[in-house]
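Trainee: Got a predicted structure here, sequence first:
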Amino acid sequence: MSILNQLADHARARVLADAAEICPEAMRERALSMGTDGGSAFEQALKREGMSFICEVKRASPSKGLIAPDFPYVDIARDYAAAGADCISCLTEPKWFLGSDRIFRDIRAAVPTPMLRKDFTVDEYQIYQAKVLGAGAVLLICAILDTATIEQYLELCERLGLAALVEAHDEREIASAVSAGARIIGVNNRNLKDFSVDFSNAARLRDRIPPDCVYVAESGVKAPEDAAVLRKIGADAALIGEALMRASDKKAMLSALREAAK
C-alpha cells in the first residue's frame, strides 16, 4: 500500500472518530452558520501581481521524518505573516505530519493571513470541519478523489465560502481537476505514492492548466533559484514548506525567494 493510500485510510478512520464526538449534522450546522467569508481572500491573495507564496507550518513529513524538533508554531506563523506571506498552509494530519486541529486554531487566532487547512480530504465532514476551524481553503488531492467527488466537494466549498487547492501530479489528474471545475490547481513535484521529487513536473504540466486558473507549484523549492525557475515557467504561486521550516531566519528566506521570483 502506498503512503498516500495509508494517509487516506487513516483520514477515513479519523473522520469516524471525529463524527462520533460531533455528529455530521451538528458540524454541518456550525459550518453553515459561519457565513461565506474567507475563500475569496485566499484566492485573491494568489492572484496578486508577481508570484505569491503559501508558507507552510509543519513539524514532520513521511519523507523527511521530524523536521522541527523545536516547534513554536504560533511564532513561526507570526514570522511568516510579518515576512509578508500571502497565505499560510497548516498541516492537521496527526500521524505522519504531527499536525492537529489545535495547531490550526491557535495559528488562526494569532494571524490574519488567509489559511489553507492541509489535510487528506476524503469526506465532506472534513470540509465542514475546515470551515469551523476558520480555514479559507482546503486541499483536494486528485490521486485519492475521482472527478465526480472533486466536483461535489468544490460545490460544497462554494456554498461555504471556501477556496480549494486541487492538487495534481500528472496529465490525467490535471484533466480531472479541470473537468471538475477547479479554479486553483497545484502541481506537486513530489510523487505522493513514493514521495520522490521531480522538479521538472511543474514545467512539463504548465500548458495543461487553463490560463484562468491559478497555478500553484508545490514541493521541491529549496533555494531562491528554484523560485526563479518556477516563475519563469509561469507559476502564479509556490507552496513552500521544508525550506522555510528549516530556515533560521524565515523572513530573510522568504524575502530572498520573493526577490528571485520577480
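Mentor: Yep, it's here.

Trainee: Surely residue 221 touches residue 237?
Mentor: No. Residue 221 is beyond contact range of residue 237, at 11.3 Å (criterion: C-beta atoms under 8 Å). Where you see a C-beta, it was placed from the backbone N, CA and C, and this is true even at glycine.

Trainee: Could you identify the longest helix within this structure?
Mentor: helix 3-21 (DSSP state H).

Trainee: For it, buried residues please.
Mentor: Buried positions in helix 3-21, judged by neighbour count with 16 or more other C-beta atoms under 10 Å: 3, 4, 7, 8, 10, 11, 14, 15, 18, 19.

Trainee: Name the nearest residue to the first one, sequence neighbours excluded.
Mentor: When you say that, I think you mean residue 3. Closest residue to residue 3 apart from its sequence neighbours, by C-beta to C-beta, 6 or more residues apart in numbering: residue 62 at 5.1 Å.

Trainee: Can you tell me how far the one you found is from residue 141?
Mentor: Distance of residue 62 to residue 141, given as C-beta to C-beta, to the nearest Å: 14 Å.

Trainee: More neighbours: the two, which one.
Mentor: residue 141 (24 against 15; other C-beta atoms under 10 Å).

Trainee: what about the closest residue to that one other than its chain neighbours, which SS state?
Mentor: Nearest non-adjacent residue to residue 141, counting by C-beta to C-beta, 6+ apart: residue 167, 4.8 Å away. Secondary structure state of residue 167, per DSSP: H, G, I helix; E, B strand; the rest coil, is strand.

Trainee: The one 5 residues further on too?
Mentor: The three-state label for residue 172, taken from three-state DSSP, comes out as helix.

Trainee: How much space separates it from residue 204?
Mentor: 13 Å.

Trainee: Likewise for residue 247?
Mentor: 28 Å.

Trainee: picking that back up, anything in contact with each of residue 172 and residue 204?
Mentor: The contact sets of residue 172 and residue 204 do not overlap (C-beta atoms under 8 Å, 6 or more residues apart in numbering).

Trainee: hey, where'd the strands end up in this protein?
Mentor: 52-57, 60-61, 65-66, 87-91, 115-118, 137-141, 163-168, 184-188, 214-218, 237-240 (DSSP state E).

Trainee: Name every strand pairing with the fourth one and say which way it goes.
Mentor: Using DSSP bridges, the neighbouring strands of strand 87-91 in the sheet come out as strand 52-57 (parallel), strand 115-118 (parallel).

Trainee: who's in contact with the last one?
Mentor: This points to strand 115-118. Contacts for strand 115-118 (C-beta under 8 Å, 6+ apart): 42, 54, 56, 58, 87-93, 99, 104, 107-108, 129-130, 133-139, 165.

Trainee: Pull out the buried residues from those.
Mentor: Looks like these have 42, 54, 56, 58, 87-93, 99, 104, 107-108, 129-130, 133, 135-139, 165 buried, using 16+ other C-beta under 10 Å.

Trainee: Need the nearest residue in space to residue 66, chain neighbours excluded.
Mentor: Nearest to residue 66 is residue 60, by C-beta to C-beta, 6+ apart, at 4.9 Å.

Trainee: Now do the contacts for the one you found.
Mentor: 66, 67, 68, 96, 97, 98.

Trainee: quick one: it from residue 173, how far?
Mentor: 25 Å.

Trainee: what do you get for residue 211?
Mentor: Counting by C-beta to C-beta, the gap from residue 211 to residue 173 is 19 Å.

Trainee: More neighbours: which of these two?
Mentor: residue 173 (23 against 7).

Trainee: thinking the more buried one is in contact with residue 144, fair?
Mentor: No. Applying C-beta under 8 Å as the test, residue 173 and residue 144 come out as separate, 10.4 Å apart.

Trainee: What is the end-to-end distance of stretch 157-170?
Mentor: End-to-end span of stretch 157-170 (C-alpha to C-alpha, to the nearest Å): 24 Å.
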